[in-house]
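**Q** structure, please.
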Amino acid sequence: MKYLCLVYLDQENWSACPDATCAEFAQQLAESGRLLAAEPLHPIHTATTVRVRNGQVSLYDGPFAETKEQLAGFYLVDATDLNDAIRIASAIPPAKYGSIEVRPVRELALDS
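**A** Next up is the predicted model:
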């Protein structure tokens with residue numbers, strides 16, 4: 001089953017975990033066949049939020065919500081169950097500086 005591990009960091013710890021450490025962890029996951037995708041994100045000042053209401057598109061600078069921790073990146077993993085995904089998430093290096101949100105990926109329901 002696919003799980004998305006969302007990495008959240010506050011501004012103070014945004015660069016606390018070196019890229020090389022994250023890349024090494026991702027390589028280990030890839031070699032085990034469990035990594036489907038992983039990417040870091042630029043800081044939130046580069047974000048644009050898009051909303052469509054009543055057919056009108058509105059753009060906002062920054063993320064949708066103001067929070068202390070910001071989405072810093074993600075790991076899309078193949079895990080046997082939630083407990084396995086949590087084990088993987090707890091080993092993600094930035095977990096030492098922020099938090100990792102683990103969410104199952106669902107398939108789109110395509111109505112015929």
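
**Q** what ranges do the helices span in the chain?
**A** Secondary structure of the chain (DSSP state H): helices located at 19-31, 82-91.

**Q** CA atoms of the longest one as CSV?
**A** In this case it means helix 19-31. Below are the C-alpha coordinates for helix 19-31, written out as CSV (Å, rounded to 0.1, in the frame of the first residue of the first chain):
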residue,chain,number,x,y,z
ASP,A,19,20.5,17.3,1.9
ALA,A,20,23.2,14.6,1.8
THR,A,21,21.7,12.9,4.8
CYS,A,22,18.2,12.9,3.3
ALA,A,23,19.6,11.7,-0.1
GLU,A,24,21.4,8.8,1.6
PHE,A,25,18.2,7.7,3.4
ALA,A,26,16.2,8.0,0.2
GLN,A,27,18.8,5.9,-1.6
GLN,A,28,18.5,3.2,1.1
LEU,A,29,14.7,3.2,0.7
ALA,A,30,15.1,3.0,-3.1
GLU,A,31,17.5,0.1,-2.9
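
**Q** ok, residue 35 touching residue 77?
**A** Yes: using Cβ atoms under 8 Å, residue 35 is in contact with residue 77, at 6.1 Å. All C-beta atoms are positioned from the backbone trio N, CA, C, and that covers glycine.

**Q** anything in contact with each of these two?
**A** Listed contacts common to residue 35 and residue 77 are residue 29; contacts here mean Cβ atoms under 8 Å, 6 or more residues apart in numbering.

**Q** more neighbours: these two, which one.
**A** Taking neighbours as other Cβ atoms under 10 Å, residue 35 and residue 77 compare with residue 77 leading, 24 against 18.
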